[in-house]
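# could you work out the structure for the sequence below:
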Amino acid sequence: MTDRYAVFGNPIEHSLSPVIHTAFAAQTGQAIDYQRHRIDVDKFSAAVEEFFNNGGCGLNITVPFKLEAYRLVQELSQSAQRAGAVNTLYKDGGRLTGDNTDGIGLCNDLQENLKWSIKDSRVLVLGAGGAVRGILLPLLEAGPVQVIIANRTLDKAVKLVSQFGTDALDRRIELHAHSFEEIRQPFDIVINGTSASLDKQLPPISPRAVSNSLCYDMMYAAAPTTFLSWAAREGAKSVADGLGMLVEQAAESFYIWRGVRPQTQSIIAELR
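Here you go, the predicted structure:
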């Protein structure tokens with residue numbers, strides 16, 4: 001019997017999720033069918049209900065439905081609860097359950113694939129939107145000594161620091177908010193969580209922040225993003241985009257659904 005899975009989004013045509021999960025299934029010997037579905041923005045909850053009522057086993061959720069999925073579920077994982085968004089849906093004891101695998105996907109890519117050590121490092125995170133909120137708890141759990149959240153609108157960064165302040169304090173991690181213009185010192189790791197790369201723009205931070213740093217853009221593209229090209233010119237130690245994060249967060253969803261953890265590095269290489 002073949003189990004059905006899918007990704008819901010709008011737009012969805014660009015999604016690599018079917019390719020990734022089909023590769024996971026072939027690698028692990030799992031019988032699944034994984035499709036992508038463009039969902040009308042006012043029909044998300046009805047589409048989710050219909051999918052599970054018709055025997056669907058699990059869903060990935062992408063833009064613009066992660067917040068709506070968060071509000072729809074009956075149970076939330078700790079990661080989803082703290083992220084305030086859901087990208088993975090499944091039924092647990094008949095209850096619709098939501099998880100968020102973005103943060104662990106990022107950390108796995110940084111630490112396992114790229115061999116960048118988060119522990120005891122000084123980390124700069126650019127942006128304070130939903131993408132950044134989704135990665136903060138796993139990032140703090142990885143044990144940096146300092147995390148600075150920088151954003152064009154300082155108030156949004158301050159709000160995130162307030163929301164995750166206890167998590168940082170419990171782990172004796174310095175967690176602070178700054179405006180972009182205040183960022184002038186070097187860091188060990190710089191993570192771009194803004195959408196600036198979509199518009200070929202740069203967050204207005206000092207080149208000193210990326211000089212001799214490990215620089216990561218959560219966006220991915222066929223060519224290096226504007227941020228990564230700039231960081232390389234300014235002397236970054238190494239640069240990487242978010243393709244590995246995409247595959248790693250998918251692997252975590254696959255593990256939640258199937259109880260089998262796929263090997264990811266060969267699939268990242270194939271997608272490259």
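
# so residue 128 sits in a helix?
No - counting by DSSP: H, G, I helix; E, B strand; the rest coil, one finds residue 128 to be coil, located in no helix.

# that one against residue 153, yeah?
Yes - using Cβ atoms under 8 Å, residue 128 is in contact with residue 153, at 7.4 Å. All C-beta atoms are positioned from the backbone trio N, CA, C, and that covers glycine.

# give me the more crowded residue out of these two.
Legend: neighbour count by other Cβ atoms under 10 Å for residue 128 and residue 153, higher for residue 128 (25 against 11).

# so which residues of the chain form strands?
3-9, 32-38, 58-61, 75-76, 88-92, 95-99, 122-126, 146-151, 174-179, 189-192, 214-217, 238-240 (DSSP state E).

# could those go into TSV alongside mean pLDDT and distance to residue 135?
Output for the strands of the chain, formatted as TSV (pLDDT from 0 to 100; distance: least, Cβ to Cβ, whole Å):
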stretch	mean pLDDT	distance to residue 135
strand 3-9	98	19
strand 32-38	98	24
strand 58-61	97	16
strand 75-76	97	17
strand 88-92	97	15
strand 95-99	97	14
strand 122-126	98	8
strand 146-151	98	10
strand 174-179	98	13
strand 189-192	98	8
strand 214-217	98	11
strand 238-240	97	15
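
# quick one, what contacts the most centrally placed residue in the chain?
Closest to where the C-alpha atoms of the chain average out (Cα atoms, centre = their mean) is residue 102, at 3.0 Å. Contacts for residue 102 (Cβ atoms under 8 Å, 6 or more residues apart in numbering) come out as 83, 87, 131, 134-135, 245, 249.

# mind checking pLDDT for it?
With respect to pLDDT, residue 102 scores 95.

# how about the strands of the chain, which one is nearest residue 266?
When those are compared by Cβ to Cβ, strand 238-240 sits nearest residue 266, at 17.2 Å.

# chain center to that closest one: distance?
In terms of Cα atoms, centre = their mean, to the nearest Å, the centre of strand 238-240 is set 17 Å apart from its chain centre.

# residue contacts, the nearest residue to residue 196 once chain neighbours are set aside?
Nearest non-adjacent residue to residue 196, counting by Cβ to Cβ, 6 or more residues apart in numbering: residue 203, 5.6 Å away. Counting by Cβ under 8 Å, 6+ apart, residue 203 touches 126-127, 150, 152, 180, 192, 194, 196, 227.
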